[in-house]
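Peer 1: the sequence and its predicted three-dimensional model are supplied below.
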Amino acid sequence: MNSKVGALVKREVRSYYWSPLAYVLMGVFLFLMGSIFTKFIILYQQYNFQQSMGSGPSVTLDKLANYFYQNMAFVLCFIAPFVTMRLYAEEKRQSTMELLLTAPISSTSIVLSKYISAMLLIFSVVALTMLYVFFLVIWGNPDLQVILSTYIGLLLMLSTYMAVGALISSFTSSQAIAAIFTFLTVLLLWLFQSFGQGMTATTGPIEWGPLMIYLSPLSHFTSFSNGLIQVKDVVYFVSFTAVALFLTHQVVESHRWK
(Lines give C-alpha, C1' and ligand atoms only; values in the text may rest on other atoms or scores of the structure.)
Protein backbone atom coordinates (compact mmCIF):
# COMPACT_ATOMS: atom_id res chain seq x y z
CA MET A 1 0.00 0.00 0.00
CA ASN A 2 1.59 3.32 -1.05
CA SER A 3 1.61 6.39 1.16
CA LYS A 4 -1.23 8.12 -0.70
CA VAL A 5 -3.55 5.14 -0.38
CA GLY A 6 -2.56 4.74 3.27
CA ALA A 7 -3.32 8.41 3.99
CA LEU A 8 -6.69 8.18 2.27
CA VAL A 9 -7.55 4.98 4.15
CA LYS A 10 -6.78 6.70 7.47
CA ARG A 11 -8.96 9.64 6.41
CA GLU A 12 -11.87 7.37 5.51
CA VAL A 13 -11.60 5.17 8.60
CA ARG A 14 -11.39 8.24 10.82
CA SER A 15 -14.53 9.67 9.22
CA TYR A 16 -16.39 6.41 9.99
CA TYR A 17 -15.41 6.35 13.65
CA TRP A 18 -15.91 10.07 14.18
CA SER A 19 -19.55 9.62 13.19
CA PRO A 20 -22.19 7.50 14.99
CA LEU A 21 -22.45 5.22 11.93
CA ALA A 22 -19.86 2.64 12.96
CA TYR A 23 -21.21 2.33 16.49
CA VAL A 24 -24.84 2.14 15.38
CA LEU A 25 -24.00 -0.58 12.86
CA MET A 26 -22.06 -2.56 15.46
CA GLY A 27 -24.87 -2.20 17.99
CA VAL A 28 -27.63 -3.22 15.56
CA PHE A 29 -25.60 -6.12 14.15
CA LEU A 30 -24.65 -7.50 17.57
CA PHE A 31 -28.24 -7.14 18.79
CA LEU A 32 -29.60 -9.07 15.81
CA MET A 33 -26.93 -11.77 15.96
CA GLY A 34 -27.22 -12.03 19.74
CA SER A 35 -30.98 -12.57 19.39
CA ILE A 36 -30.49 -15.22 16.70
CA PHE A 37 -27.74 -16.94 18.70
CA THR A 38 -29.88 -17.02 21.83
CA LYS A 39 -32.79 -18.48 19.84
CA PHE A 40 -30.60 -21.22 18.39
CA ILE A 41 -29.15 -22.09 21.80
CA ILE A 42 -32.67 -22.42 23.25
CA LEU A 43 -33.68 -24.70 20.37
CA TYR A 44 -30.48 -26.72 20.79
CA GLN A 45 -31.23 -27.27 24.47
CA GLN A 46 -34.82 -28.22 23.69
CA TYR A 47 -33.72 -30.76 21.08
CA ASN A 48 -31.11 -32.19 23.46
CA PHE A 49 -33.77 -32.56 26.15
CA GLN A 50 -36.12 -34.29 23.71
CA GLN A 51 -33.28 -36.60 22.62
CA SER A 52 -32.55 -37.50 26.23
CA MET A 53 -36.22 -38.47 26.54
CA GLY A 54 -35.91 -40.71 23.48
CA SER A 55 -37.63 -38.47 20.95
CA GLY A 56 -36.99 -35.43 18.80
CA PRO A 57 -34.65 -34.73 15.87
CA SER A 58 -30.87 -34.93 16.19
CA VAL A 59 -29.22 -31.48 16.18
CA THR A 60 -25.45 -31.26 16.63
CA LEU A 61 -23.49 -28.20 17.72
CA ASP A 62 -21.85 -28.05 14.27
CA LYS A 63 -25.25 -27.95 12.59
CA LEU A 64 -26.28 -25.18 14.97
CA ALA A 65 -23.14 -23.19 14.07
CA ASN A 66 -23.86 -23.73 10.36
CA TYR A 67 -27.39 -22.33 10.68
CA PHE A 68 -26.11 -19.44 12.75
CA TYR A 69 -23.48 -18.35 10.22
CA GLN A 70 -25.88 -18.68 7.28
CA ASN A 71 -28.21 -16.33 9.13
CA MET A 72 -25.27 -14.01 9.76
CA ALA A 73 -24.48 -13.96 6.04
CA PHE A 74 -28.08 -12.92 5.33
CA VAL A 75 -28.10 -10.21 8.03
CA LEU A 76 -24.94 -8.75 6.47
CA CYS A 77 -26.98 -8.13 3.31
CA PHE A 78 -28.74 -5.42 5.35
CA ILE A 79 -25.61 -4.09 7.10
CA ALA A 80 -23.25 -3.79 4.13
CA PRO A 81 -25.24 -1.09 2.24
CA PHE A 82 -24.99 1.26 5.22
CA VAL A 83 -21.20 0.96 5.15
CA THR A 84 -20.81 1.66 1.43
CA MET A 85 -23.59 4.20 0.91
CA ARG A 86 -21.40 7.17 1.86
CA LEU A 87 -18.22 6.21 -0.02
CA TYR A 88 -18.84 8.46 -3.02
CA ALA A 89 -22.36 9.77 -2.45
CA GLU A 90 -21.24 11.80 0.57
CA GLU A 91 -18.30 13.27 -1.35
CA LYS A 92 -20.66 14.38 -4.11
CA ARG A 93 -23.22 15.79 -1.69
CA GLN A 94 -20.59 17.87 0.09
CA SER A 95 -19.01 18.87 -3.25
CA THR A 96 -15.65 17.48 -2.13
CA MET A 97 -15.45 14.93 -4.94
CA GLU A 98 -14.10 17.60 -7.30
CA LEU A 99 -11.37 18.52 -4.82
CA LEU A 100 -10.42 14.85 -4.45
CA LEU A 101 -10.25 14.36 -8.21
CA THR A 102 -8.12 17.46 -8.78
CA ALA A 103 -5.62 16.41 -6.10
CA PRO A 104 -2.43 14.60 -7.24
CA ILE A 105 -4.06 11.24 -6.54
CA SER A 106 -4.92 8.62 -9.14
CA SER A 107 -8.43 7.25 -9.52
CA THR A 108 -7.03 3.82 -8.65
CA SER A 109 -5.76 5.14 -5.30
CA ILE A 110 -9.15 6.73 -4.57
CA VAL A 111 -11.07 3.55 -5.37
CA LEU A 112 -8.71 1.30 -3.41
CA SER A 113 -8.60 3.56 -0.35
CA LYS A 114 -12.37 3.84 -0.10
CA TYR A 115 -12.81 0.12 -0.66
CA ILE A 116 -10.16 -0.84 1.91
CA SER A 117 -11.63 1.52 4.52
CA ALA A 118 -15.12 0.02 4.04
CA MET A 119 -13.66 -3.48 4.34
CA LEU A 120 -11.82 -2.57 7.55
CA LEU A 121 -15.04 -1.31 9.11
CA ILE A 122 -17.15 -4.33 8.14
CA PHE A 123 -14.34 -6.70 9.18
CA SER A 124 -14.26 -5.07 12.62
CA VAL A 125 -18.01 -5.61 12.90
CA VAL A 126 -17.72 -9.30 11.94
CA ALA A 127 -14.70 -9.78 14.23
CA LEU A 128 -16.93 -9.05 17.22
CA THR A 129 -18.83 -12.28 16.50
CA MET A 130 -15.76 -14.32 17.44
CA LEU A 131 -17.22 -14.10 20.93
CA TYR A 132 -19.85 -16.64 19.85
CA VAL A 133 -17.08 -19.09 18.89
CA PHE A 134 -15.82 -18.82 22.47
CA PHE A 135 -19.26 -19.80 23.79
CA LEU A 136 -19.54 -22.70 21.33
CA VAL A 137 -16.18 -24.05 22.53
CA ILE A 138 -17.29 -23.76 26.17
CA TRP A 139 -20.57 -25.60 25.55
CA GLY A 140 -19.24 -28.34 23.33
CA ASN A 141 -16.65 -29.41 20.82
CA PRO A 142 -17.44 -27.67 17.51
CA ASP A 143 -15.33 -28.29 14.42
CA LEU A 144 -13.09 -25.21 14.47
CA GLN A 145 -11.80 -25.90 10.95
CA VAL A 146 -15.35 -25.59 9.63
CA ILE A 147 -15.84 -22.37 11.59
CA LEU A 148 -12.57 -21.00 10.19
CA SER A 149 -13.58 -21.81 6.60
CA THR A 150 -16.96 -20.21 7.28
CA TYR A 151 -15.29 -16.97 8.36
CA ILE A 152 -13.11 -17.05 5.24
CA GLY A 153 -16.28 -17.43 3.19
CA LEU A 154 -17.92 -14.55 5.06
CA LEU A 155 -15.00 -12.23 4.38
CA LEU A 156 -14.88 -13.17 0.70
CA MET A 157 -18.61 -12.65 0.39
CA LEU A 158 -18.33 -9.28 2.15
CA SER A 159 -15.61 -8.26 -0.30
CA THR A 160 -18.22 -8.73 -3.04
CA TYR A 161 -20.90 -6.83 -1.12
CA MET A 162 -18.49 -3.91 -0.53
CA ALA A 163 -17.45 -3.77 -4.18
CA VAL A 164 -21.07 -3.76 -5.37
CA GLY A 165 -21.94 -1.07 -2.83
CA ALA A 166 -18.98 1.08 -3.87
CA LEU A 167 -20.02 0.83 -7.52
CA ILE A 168 -23.59 1.90 -6.80
CA SER A 169 -22.46 4.73 -4.51
CA SER A 170 -20.26 6.10 -7.32
CA PHE A 171 -23.36 6.74 -9.45
CA THR A 172 -25.32 8.93 -7.02
CA SER A 173 -25.05 11.82 -4.57
CA SER A 174 -27.77 10.40 -2.31
CA GLN A 175 -26.73 8.05 0.47
CA ALA A 176 -30.30 6.79 0.81
CA ILE A 177 -30.51 5.86 -2.87
CA ALA A 178 -27.08 4.20 -2.71
CA ALA A 179 -28.11 2.14 0.35
CA ILE A 180 -31.47 1.08 -1.11
CA PHE A 181 -30.10 0.02 -4.50
CA THR A 182 -27.14 -1.77 -2.92
CA PHE A 183 -29.47 -3.71 -0.66
CA LEU A 184 -31.80 -4.60 -3.53
CA THR A 185 -28.88 -5.72 -5.71
CA VAL A 186 -27.27 -7.83 -2.98
CA LEU A 187 -30.65 -9.33 -2.02
CA LEU A 188 -31.42 -10.16 -5.66
CA LEU A 189 -28.05 -11.88 -6.06
CA TRP A 190 -28.73 -13.79 -2.85
CA LEU A 191 -32.17 -14.92 -4.08
CA PHE A 192 -30.76 -16.10 -7.42
CA GLN A 193 -30.04 -19.36 -5.59
CA SER A 194 -33.77 -19.93 -5.03
CA PHE A 195 -34.87 -18.55 -8.41
CA GLY A 196 -32.48 -20.84 -10.29
CA GLN A 197 -33.54 -24.06 -8.60
CA GLY A 198 -35.79 -26.04 -10.89
CA MET A 199 -35.57 -23.45 -13.70
CA THR A 200 -35.22 -25.15 -17.08
CA ALA A 201 -35.43 -22.11 -19.38
CA THR A 202 -32.65 -21.80 -21.97
CA THR A 203 -31.58 -19.17 -24.49
CA GLY A 204 -29.30 -20.79 -27.04
CA PRO A 205 -26.42 -22.35 -25.09
CA ILE A 206 -27.34 -20.47 -21.88
CA GLU A 207 -29.13 -22.47 -19.18
CA TRP A 208 -30.64 -19.83 -16.92
CA GLY A 209 -31.17 -22.04 -13.88
CA PRO A 210 -27.52 -23.11 -13.38
CA LEU A 211 -26.35 -19.61 -14.37
CA MET A 212 -28.49 -17.92 -11.70
CA ILE A 213 -27.34 -20.41 -9.08
CA TYR A 214 -23.70 -19.75 -10.02
CA LEU A 215 -24.20 -15.97 -9.81
CA SER A 216 -25.65 -16.22 -6.30
CA PRO A 217 -23.10 -15.66 -3.51
CA LEU A 218 -25.19 -17.99 -1.34
CA SER A 219 -24.36 -21.03 -3.47
CA HIS A 220 -20.64 -20.33 -3.06
CA PHE A 221 -20.80 -19.39 0.61
CA THR A 222 -22.57 -22.67 1.40
CA SER A 223 -19.43 -24.60 0.47
CA PHE A 224 -17.37 -22.57 2.96
CA SER A 225 -19.98 -23.05 5.70
CA ASN A 226 -19.73 -26.80 5.12
CA GLY A 227 -15.96 -26.70 5.60
CA LEU A 228 -15.04 -26.85 1.91
CA ILE A 229 -12.70 -24.24 0.41
CA GLN A 230 -12.92 -24.78 -3.34
CA VAL A 231 -11.03 -22.89 -6.02
CA LYS A 232 -14.18 -22.21 -8.06
CA ASP A 233 -15.80 -20.43 -5.11
CA VAL A 234 -12.71 -18.32 -4.37
CA VAL A 235 -12.47 -17.44 -8.08
CA TYR A 236 -16.13 -16.39 -8.09
CA PHE A 237 -15.76 -13.94 -5.19
CA VAL A 238 -12.41 -12.55 -6.36
CA SER A 239 -13.61 -12.14 -9.96
CA PHE A 240 -16.90 -10.51 -8.94
CA THR A 241 -15.06 -8.11 -6.65
CA ALA A 242 -12.45 -7.26 -9.28
CA VAL A 243 -15.06 -6.54 -11.96
CA ALA A 244 -17.11 -4.32 -9.63
CA LEU A 245 -14.01 -2.36 -8.56
CA PHE A 246 -12.91 -1.97 -12.18
CA LEU A 247 -16.32 -0.53 -13.10
CA THR A 248 -16.14 1.78 -10.06
CA HIS A 249 -12.75 2.99 -11.27
CA GLN A 250 -14.22 3.72 -14.69
CA VAL A 251 -17.06 5.75 -13.15
CA VAL A 252 -14.67 7.74 -10.93
CA GLU A 253 -12.32 8.34 -13.83
CA SER A 254 -15.20 9.61 -15.97
CA HIS A 255 -15.87 12.34 -13.40
CA ARG A 256 -12.43 13.81 -14.11
CA TRP A 257 -13.54 14.78 -17.61
CA LYS A 258 -16.91 16.31 -16.75
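Peer 2: Structure received.
Peer 1: isn't residue 192 up against residue 209?
Peer 2: No: counting by Cβ atoms under 8 Å, residue 192 stays clear of residue 209, with 10.0 Å between them. For the C-beta atoms, the positions are set from N, CA and C on the backbone; glycine is no exception.
Peer 1: okay, those two: which has more neighbours?
Peer 2: residue 192 (20 against 16; other Cβ atoms under 10 Å).
Peer 1: give me the three-state assignment for that one.
Peer 2: Assigned by DSSP: H, G, I helix; E, B strand; the rest coil, the conformation of residue 192 is helix.
Peer 1: would you mark the buried spots in stretch 183-193?
Peer 2: 183, 185-186, 189-190, 192-193 (16 or more other Cβ atoms under 10 Å).
Peer 1: for those residues, give me TSV that also has distance to residue 80 and pLDDT.
Peer 2: What follows is the buried residues of stretch 183-193, written out as TSV (distance: Cβ to Cβ, whole Å; pLDDT from 0 to 100):
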residue	distance to residue 80	pLDDT
183	8	91
185	10	92
186	6	91
189	12	88
190	11	87
192	17	83
193	18	82
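Peer 1: quick one: which of these is nearest to residue 88?
Peer 2: Proximity of the buried residues of stretch 183-193 to residue 88 was ranked by Cβ to Cβ; the top entry is residue 185 with 15.6 Å.
Peer 1: now for the closest one: which residues touch it?
Peer 2: Going by Cβ atoms under 8 Å, 6 or more residues apart in numbering, residue 185 touches 164, 168.
Peer 1: equivalent analysis for residue 91, please.
Peer 2: So residue 91 contacts 97, 100 (Cβ under 8 Å, 6+ apart).
Peer 1: next one: it from residue 235, what distance?
Peer 2: As judged by Cβ to Cβ, to the nearest Å, residue 91 and residue 235 stand 32 Å apart.
Peer 1: which residues does the closest residue to residue 106 other than its chain neighbours contact?
Peer 2: Leaving aside its chain neighbours, residue 106 sits nearest to residue 4 (8.0 Å; criterion: Cβ to Cβ, 6 or more residues apart in numbering). Contacts here follow Cβ under 8 Å, 6+ apart; on that basis residue 4 touches 105-106, 109, 113.
Peer 1: residue 6: neighbour count?
Peer 2: Residue 6 has 13 nearby residues by other Cβ under 10 Å.
Peer 1: please apply the same query to the one 5 residues further on.
Peer 2: Under the neighbour criterion other Cβ under 10 Å, residue 11 is assigned a count of 13.
Peer 1: which strand or helix spans it?
Peer 2: helix 3-17 (DSSP states H and E).
Peer 1: what about that helix, distance to the chain center?
Peer 2: Distance of helix 3-17 from its chain centroid, counting by Cα atoms, centre = their mean, to the nearest Å, is 21 Å.
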